[in-house]
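Participant: Predicted coordinates and the sequence they were generated for:
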Amino acid sequence: MAMIRKGLMISPELCLGCKSCQVACKQWNQLDGIKTINTGTYENPSDLSSTLYNRIKFVEVPSPEGDPRWLFVTQRCCHCHDAGCMKICPVPGALFRTKDDAVAFDKEKCNGCKLCFLGCPFSMPRFDEKGKISKCHLCHDRLNEGLTTACAKTCPSGAIKYGEREALIAEAKKAGYTTFFGLKDFGGLGDIYAFKDPWVVSFCFFPSPMNWGAICY
């Protein structure tokens, strides 16, 4: 029986920047707070860490009409179907595929080599004080109990939705979304980003050596 892929549909144009998903993720995973300093940006914290699996990136998008606009983009593991981190990991079971097709981790098996960071095209894995991997695992412990992800559960605007991947894509297209990030590359991402305005796409993504435009459809 073929696996029914599940994942998240993320719509930055609907995001309010409230960070409730960021807080819900930390609460559910019992992740400690991080002492930060002002670095001249509204973003806080300024990067993912071993105690921050999901971060809201603030993006100021120039507008052809004049005034710029704000977009808020969740930065996290993308749960590639063809995952470079899993391919390069030398320890069986340190990274594993869940029944919903997410990439999860087992810290007890992780040897701290950090090769997963090199294998990730989005530079997402982070490491704790012992050098062990930490990242979004798509709330696989919640999903195993029939719950939705903490981020989707708490999102007040519908900017993050969890469900069957193909159904989410069909629903987004029906709602008028025309540009998608992550439909096909790396076997298709578990986190798909949907846009109605294609102009904003190139401004929205975290630094990476990849050509982001090549995986927008």
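Facilitator: Arrived safely.

Participant: Spit out the contact partners of the residue most central in space within the chain.
Facilitator: Residue closest to the average C-alpha location in the chain (CA atoms, centre = their mean): R76, at 3.1 Å. Applying CB atoms under 8 Å, 6 or more residues apart in numbering, we find R76 in contact with L48, Y53, N54, R55, M124, K135, C136, D191. All C-beta atoms are positioned from the backbone trio N, CA, C, and that covers glycine.

Participant: nearest to R5, of the residues you listed?
Facilitator: D191 (11.8 Å; CB to CB).

Participant: number of nearby residues for the closest one?
Facilitator: Neighbour count of D191, defined by other CB atoms under 10 Å: 21.

Participant: Pull the contacting residues for C85.
Facilitator: By CB under 8 Å, 6+ apart, the neighbours of C85 are L95, V103, C116, F117, G119, C120, P125.

Participant: Let me have these in JSON lines, extended by neighbour count and secondary structure.
Facilitator: Listed next are those as JSON lines, based on neighbours: other CB atoms under 10 Å; DSSP: H, G, I helix; E, B strand; the rest coil:
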{"residue": "L95", "neighbour count": "24", "secondary structure": "strand"}
{"residue": "V103", "neighbour count": "26", "secondary structure": "strand"}
{"residue": "C116", "neighbour count": "26", "secondary structure": "helix"}
{"residue": "F117", "neighbour count": "16", "secondary structure": "helix"}
{"residue": "G119", "neighbour count": "17", "secondary structure": "helix"}
{"residue": "C120", "neighbour count": "22", "secondary structure": "coil"}
{"residue": "P125", "neighbour count": "25", "secondary structure": "coil"}
